[in-house]
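Participant: Give me a model of this one.
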Amino acid sequence: MMDVCTRRRASRRLAVAGMAAVALIAGACTQAPEIASPVNAADAFIAAWNSQDGEAMRSAFDRASSDEWRVSELETFLKRSFEKGAIESYEVERTGDVPVPTEEEIDAAEGPIAAPVRYALTYSSDAADEPVTLDGTLQMTYSTEADEWSVRFDRSRLWPGIEGATGFKVTTRWLQRGRILDRNGRVLARGSRQRRSYPLDALAGSTIGHLEPLTKKTLAGAADGHQPGDLVGASGLEAAYDERLAGTPSAELAVVGRGGKVLQVVGEKPGRAGEDVRASLDARVQQASSVAFGDTVGGAVVLEPRSGDILAAVTAYDVNPNDLVGASEVNPFNRALSGLYPPGSSMKVVTAGAALDTGVVKPSTRLTGPREYQGVRNFESKSYKSLDFATAVKFSVNTAFAQVAQKLGAERLLSYARDFGFNREPVMALDAAKSSFPFPEDDYALMWGSIGQAQDLATPLQMATVAATVANGGVRVEPRASIDDGKDAARVLSAKTARTLSRLMEDVVEGGTGVKARIRGVRVAGKTGTGEVDVDGKRKNHAWFITFAPVQRPRVAVAVVSEYGGIGGEVAAPLTRDILVRVLPLTDK
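Facilitator: Residues are numbered from 1 along each chain as shown. Next comes the predicted model:
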C-alpha cells in the first residue's frame, strides 16, 4: 500500500498509524497534506526587506540569524549601509523559481531541507549614474516540526557576489571651481578650492568672499556630494554663488571589505566643472571708490540706477581673502552691505517722495520751522519762521518734516518705506542685512522716524537704492550682485514725483546742506544725513550722504556713511564728491 500512496511525513506516521490501518482494511489511500510554500515565504521576506521592516525580517530568520540580530540593530545596519552608499532607493526582486521539495524528498532527507532563492538587489545611488544590480542567493530552511521556512541572513546579503564585502564607500572628486570675474571680465577669484587665489588682494575682499572647510556640524547645510573638510564658499560672492562656482563632483560607488579596502567599484557618476560667475562689480570703480574712501571707518556703495548693479562696495577694515583660504569660523563684516546705522536726514528722501507722490505737499507748500516742534528739534537749534517745502528739503529742517509726517500718516509712510526697500530682505544672492523702518506707534515715533531717527536702521546699500530709485525715474531696481542674474524692478514713485524730487535734491547740493558735494560742470543731486546715537552716555553722529549724478542722465547712485564721523554735510558730502570725481569718468560709456 505504501508503494502506491503518497508518503506522509515521517514525523506524522506514528500519530496516524491507527488511521492508516483502517485505511488498509478499507483498501483506500489517504492523500498527504501539503507543506508550507517556500515561494510564499520567500516573497514575504523580500517584501519585508524592501520596506525595511526589521521586525518582519527578523521573524523570518533562522535561529542563528535571529540570535545574531536584534530588530533595532538590523534596522540601524540597513540605514547606515545605505547612507554610506548615498543610496536613494533600492529594490529586491526574486529572479527565479523556488524549488518546492516533494514529500518523498522531505522523508528521505537526513538533515535540514534547503531551498535556494535567487534574488537581484538593485541600488539607485547619488554616486552612480545608472542603477547598480547585484545578484545573489538566499538560503531558506524548512522546519518539519513547525511546518515553516526560515531565512539565513547576514551582512553579506547586501552585497551578493562580492566576497568579503562589509559596506559601501563613496569617493567624490570636485572638478575645477569656476572663476569670479568683474563685469568687464577682470579676474577677481580663480583656481581650485585648495589653490584659490584673489588677484586684487584686499580690494573688495569682503564682497568677493572666502572659502572655509566644512565640518560635521555644517555639512548638513551643504550641497550634495560634500564631505567634511571640503572647502566651500563661506562669505561674499564665494558663498552666494557657491553651487554655480563649485559645479558637481564626480563620484565613485565602491563595495569595500575590512579596513575599507575597495573590493569592487560598482558605479560611477561623472562630475561637472564649476561655472564662472560674472559679478556686477567693476574693479576700476571699486579701486577708485576705495582710494577716495581712504581710511574712513564706515562703508560706501556705488550702484548703477537702471540695472541695480553693485559697481562697488567699500568697507572699512576689508579683508584679504588670500589670507583666509581654509580658515574656519571667520566672518568678515562688510559695513557697506550689512552695517546698520540710523540714516538721519538721508531718510527724508523717502518721506519727501511719499509726501509729494500722495499730494500731501508740493514744493511750494508753506510750512514753519521752529527750533522745536512737539519734541522734535532742529539740528544745531536753527529755526525758520516760514518756509516752503523745497526749502525744508534744501536745508534739512527737522521740524518742518515732522509736520509733513503728521499729515502723511504712519500707514502711508510705512508703505512707501517698504516700497523703497525697508523691512524686507534683499532679493539678491549676496548676503546683505535688512534695513528697518518700524511702524510708528505714536506721533512722536512717526515724526522722528520720518527724519531717520527713532528706531530706523539702514545699510549703505539700502540708502544707495533710495537715491537710485529717484535717479531711475521712480522705479526701484533690486540690487544685483551678478550681471547674469535677472532684474527685479517695481515703481515706487511716479515719474513726475521723481523729477520733482530730483530738482529738490539738486538744490541741496547747489546751495543747501550738501554744497560740499558740488562738482564743477556736473549736475549732482543729493541729501545729507546725520544719524545721532548715544554711546556711553555721549551723543555721537554718523555722517551720511546719498547722491546720484549726472542729474540729467544718472549713471551712478552713491551712499556713504562715516561711522561716528560727524555731520553729514561736513564729512560725508565731500567724501562722496571725491568718489564721484573718480568714478564718473569710468562709467561714461
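Participant: Grab the longest helix from this structure for me.
Facilitator: Counting by DSSP state H, the longest helix found in the chain is helix 495-511.
Participant: Just the C-alpha atoms of it, please, in PDB.
Facilitator: Below are the C-alpha coordinates for helix 495-511, written out as PDB (Å, rounded to 0.1, in the frame of the first residue of the first chain):
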ATOM      1  CA  ALA A 495       7.900 109.800 -12.900                       C
ATOM      2  CA  LYS A 496       6.600 113.300 -12.200                       C
ATOM      3  CA  THR A 497       7.300 112.900  -8.500                       C
ATOM      4  CA  ALA A 498      10.800 111.600  -9.200                       C
ATOM      5  CA  ARG A 499      11.600 114.600 -11.400                       C
ATOM      6  CA  THR A 500      10.400 117.000  -8.800                       C
ATOM      7  CA  LEU A 501      12.400 115.200  -6.000                       C
ATOM      8  CA  SER A 502      15.500 115.200  -8.300                       C
ATOM      9  CA  ARG A 503      15.300 119.000  -8.600                       C
ATOM     10  CA  LEU A 504      14.900 119.400  -4.800                       C
ATOM     11  CA  MET A 505      17.900 117.100  -4.200                       C
ATOM     12  CA  GLU A 506      19.900 119.100  -6.800                       C
ATOM     13  CA  ASP A 507      19.200 122.200  -4.800                       C
ATOM     14  CA  VAL A 508      20.600 120.600  -1.700                       C
ATOM     15  CA  VAL A 509      23.900 120.300  -3.500                       C
ATOM     16  CA  GLU A 510      23.800 123.600  -5.300                       C
ATOM     17  CA  GLY A 511      23.000 125.800  -2.300                       C
END
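Participant: Just the buried residues of it, please?
Facilitator: 497-498, 500-502, 504-510 (16 or more other C-beta atoms under 10 Å). C-beta coordinates here come from the backbone N, C-alpha and C atoms, glycine included.
Participant: Please apply the same query to stretch 155-162.
Facilitator: 157-160, 162.
Participant: picking that back up, need the buried residues of helix 495-511 in CSV (columns: distance to Arg377 and pLDDT).
Facilitator: As requested, the buried residues of helix 495-511 are arranged in CSV below (distance: C-beta to C-beta, whole Å; pLDDT from 0 to 100):
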residue, distance to Arg377, pLDDT
Thr497, 28, 98
Ala498, 30, 98
Thr500, 28, 98
Leu501, 25, 98
Ser502, 29, 98
Leu504, 23, 98
Met505, 23, 98
Glu506, 27, 98
Asp507, 23, 98
Val508, 20, 98
Val509, 25, 98
Glu510, 26, 98
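Participant: and which of those is nearest Pro116?
Facilitator: Taking C-beta to C-beta as the measure, Pro116 sits nearest to Ala498 out of these, at 82.9 Å.
Participant: and this structure, what are its domains?
Facilitator: In the assignment given by automatic domain parsing, the structural domains of the chain cover 1-33, 38-161, 172-279, 285-319+333-587.
Participant: in the stretch 451-589 of the chain, which spans are helices?
Facilitator: In the stretch 451-589 of the chain, the helices defined using DSSP state H, counting those that start in this stretch lie at 460-471, 495-511, 573-583.
Participant: Can you lay out these as a markdown table showing distance to Val376?
Facilitator: What follows is those, written out as a markdown table (distance: least, C-beta to C-beta, whole Å):
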| stretch | distance to Val376 |
| --- | --- |
| helix 460-471 | 21 |
| helix 495-511 | 20 |
| helix 573-583 | 23 |
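Participant: what's the burial count for Pro228?
Facilitator: 12 (other C-beta atoms under 10 Å).
Participant: residues in contact with it?
Facilitator: By C-beta atoms under 8 Å, 6 or more residues apart in numbering, the contact set of Pro228 is 213-216, 219.
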